[in-house]
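Asker: Attaching a predicted model along with its sequence, questions to come.
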Number of protein chains: 2
Amino acid sequence: MYTYRYPHPAITTDCVVFGFDGKSLSILLIQRGIDPYKGYWALPGGFVRMDETVEDCAYRELKEESGVENIYIEQLQSFSGVNRDPRERVITIAFMAFVRQDEYQVIGGSDAAKAQWYRLDELPSLAFDHLEIVSAALQKLRKKITIEPLAFRLLNTTFTMSQLQTIYEVVLGHSLDRRNFHKKMTKMGYISPTEDKLRVNGRPGVLYTFDEEKYREYIDSHF
Amino acid sequence: MYTYRYPHPAITTDCVVFGFDGKSLSILLIQRGIDPYKGYWALPGGFVRMDETVEDCAYRELKEESGVENIYIEQLQSFSGVNRDPRERVITIAFMAFVRQDEYQVIGGSDAAKAQWYRLDELPSLAFDHLEIVSAALQKLRKKITIEPLAFRLLNTTFTMSQLQTIYEVVLGHSLDRRNFHKKMTKMGYISPTEDKLRVNGRPGVLYTFDEEKYREYIDSHF
DNA sequence: TAATTTTGTGTAAAAAATACGCAAAAACAA
DNA sequence: TTGTTTTTGCGTATTTTTTACACAAAATTA
């Protein structure tokens, strides 16, 4: 047992993991095995330990519950409604993550909890205030994608222009001109073409990669 | 005494309050009266109570410690380094706020702690990891000011174009063309001229106000 | 009254965003 | 094979936005 002179809220992290299957955006959900909200779907997350930062915690819980690791995460914001959790006062620090969905089709962590991708337009009822958290994450994603290049994290290391464009269209919610999009992306300088091509239906498309080094150069010379 | 089955970190909020005196940016600091870091300057903040959100807490602590109230605050991010505080594990959720500095020249809260404005280029040694928090706040401020209009919150309800421009120059760290700045600001439509003028030295300048309603119209029609 | 300071307005050039046109490289069907 | 369809690559013209700079007006100050 642990005693304190003043009451302490519990601290958790929750993570909104975005995935992209080539057509639509999804997020990763875990089905709860215990009350409260038993059977409901929830964001992967859990209690912060005393020897880890909240980033460590978000990362660890994600790996334990869904097997997802080696990904990019960033802080979203904290949610602290007084009655978020019926058991005790719980404050959560929410994170966002972006992964290549096809790398994590087979999902299963050590907790053996049921983990599953859900398309954003087909979300089930979520536990706690997790729907609010997802909304906030989506809003931030929309804002960020026009400023920073994070779409690459949702794609394979190589990708075609149309794949990249589809992400932008899905996230922003409207279609973009194919030719202007191509122009804009290549002008940045940090999306480099490879020798390879991908053929699906019509004319094969050049496969591009995200050049992290040139991206940093671009940032340095523009800000 | 309060006991828990698992260890709980303590949760605090800290607030980076930006003020502007017409020439330079300052932040509001409180001198600590007790150890650790006794005598050091720190961000206003304190422990989150069980019946308040973190936003409530940030707001309350700010009022108690410095008398500042009725202001706009927003979440920055959380800081959770394992050894941030030598007493116990403390996770803080940092906020940013923007005030009209001249409205709060006489500072003093119920705690009667010494509160003082410090220019950003003349900061004293700060307690805990508060310097890191200030840096993060400043970085976010620089990013945000080019996207959203928050400079108004640092100025009086009416202000001249040059006053507004000075804030942008101080925050961004470089000078702007006076005529293009004027054009850009008025084109938005949510900075409305008043009948009044302010005369200081040369030709009197028109006083403008920030029209919150027209700002919302602008946002709605652009996003 | 002239010099100085500061503001308001305008105009031209450069850069970026937008709107399309058309041909090339593949798959598919006749 | 050949023509049709699909999808990509590349180009050009137009509009909009950003940037650079000139000059006159309204006040203060010497």
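Answerer: The structure has been received and is ready for your questions.

Asker: From here on, just use CA atoms for contacts and neighbour counts.
Answerer: OK.

Asker: what about the helices in chain A?
Answerer: Assigned by DSSP state H, chain A shows helices spanning A:54-66, A:130-145, A:161-172, A:178-188, A:212-222.

Asker: Deepest-packed of these, please.
Answerer: For the helices of chain A, the largest average neighbour count (mean count of other CA atoms under 10 Å in any protein chain shown) is found in helix A:54-66, namely a mean of 22.

Asker: Could you pull up the mean pLDDT of it?
Answerer: What helix A:54-66 shows for mean pLDDT is 95.

Asker: ditto for stretch A:200-208
Answerer: 91.

Asker: Distance from that stretch to the middle of the chain?
Answerer: Relative to its parent chain, stretch A:200-208 has a centroid offset of 27 Å by CA atoms, centre = their mean, to the nearest Å.

Asker: List the contacts of residue A:21.
Answerer: A:100-102 (CA atoms under 8 Å, 6 or more residues apart in numbering or on different chains).

Asker: Can you read off the pLDDT for it?
Answerer: 87.

Asker: ok so, going back, now the contacts of residue A:21 as JSON lines including distance to residue A:58?
Answerer: Conversion of the contacts of residue A:21 to JSON lines gives the following (distance: CA to CA, whole Å):
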{"residue": "A:100", "distance to residue A:58": "18"}
{"residue": "A:101", "distance to residue A:58": "18"}
{"residue": "A:102", "distance to residue A:58": "21"}
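
Asker: In PyMOL, how would I select the buried members of those residues?
Answerer: Those of the contacts of residue A:21 that count as buried under 16 or more other CA atoms under 10 Å in any protein chain shown are selected in PyMOL with:
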select buried, chain A and resi 100+101
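
Asker: how's chain A carved up into domains?
Answerer: Domain assignment for chain A by automatic domain parsing gives A:10-145, A:155-222.

Asker: does DNA strand C sit close to the shortest one?
Answerer: Yes: for a cut-off given as CA under 7 Å from any atom of the strand, domain A:155-222 has contacts with DNA strand C, namely A:177, A:179-180, A:184, A:199-204.

Asker: How about the contacts made by the closest residue to residue A:96 other than its chain neighbours?
Answerer: In space, and not counting its chain neighbours, residue A:96 is closest to residue A:16: 4.8 Å by CA to CA, 6 or more residues apart in numbering or on different chains. Residue A:16 makes contacts with A:27-28, A:43-44, A:94-97, A:133-134, A:137, as judged by CA under 8 Å, 6+ apart.

Asker: of these, closest to DNA strand D?
Answerer: When the contacts of residue A:16 are ranked by distance to DNA strand D (CA to the nearest atom of the strand), residue A:27 comes first, at 24.8 Å.

Asker: roughly how far apart are residue A:49 and DNA strand C?
Answerer: Using CA to the nearest atom of the strand, to the nearest Å, residue A:49 is found at 44 Å from DNA strand C.

Asker: how close does that residue sit to residue B:118?
Answerer: Distance check for residue A:49 against residue B:118: by CA to CA, to the nearest Å, it reads 36 Å.

Asker: quick revisit: from the contacts of residue A:21, pick the one nearest residue B:168.
Answerer: residue A:100 (39.2 Å; CA to CA).

Asker: Isn't the closest one up against residue A:20?
Answerer: Yes: Residue A:100 is within contact range of residue A:20, at 6.5 Å (criterion: CA atoms under 8 Å).

Asker: overlap in contacts of the two?
Answerer: A:154-155.

Asker: hang on, residue A:165 packs against residue A:183?
Answerer: No: using CA under 8 Å, residue A:165 is not in contact with residue A:183, being 11.7 Å away.

Asker: contacting residues for whichever residue of chain A sits closest to DNA strand C?
Answerer: Closest residue of chain A to DNA strand C, CA to the nearest atom of the strand: residue A:203 (3.5 Å). Residue A:203 sits next to no residue when contact means CA under 8 Å, 6+ apart.

Asker: what does residue A:214 give?
Answerer: Contacts of residue A:214 (CA under 8 Å, 6+ apart): A:189-190.

Asker: Where does pLDDT dip in chain A?
Answerer: A:106-113 (pLDDT under 70).

Asker: If we use 90, what do you get?
Answerer: Applying pLDDT under 90 to chain A flags the ranges A:21-24, A:33-35, A:66-70, A:100-115, A:146-149, A:152, A:156, A:198-202, A:217-223.

Asker: Many thanks, we can stop here.
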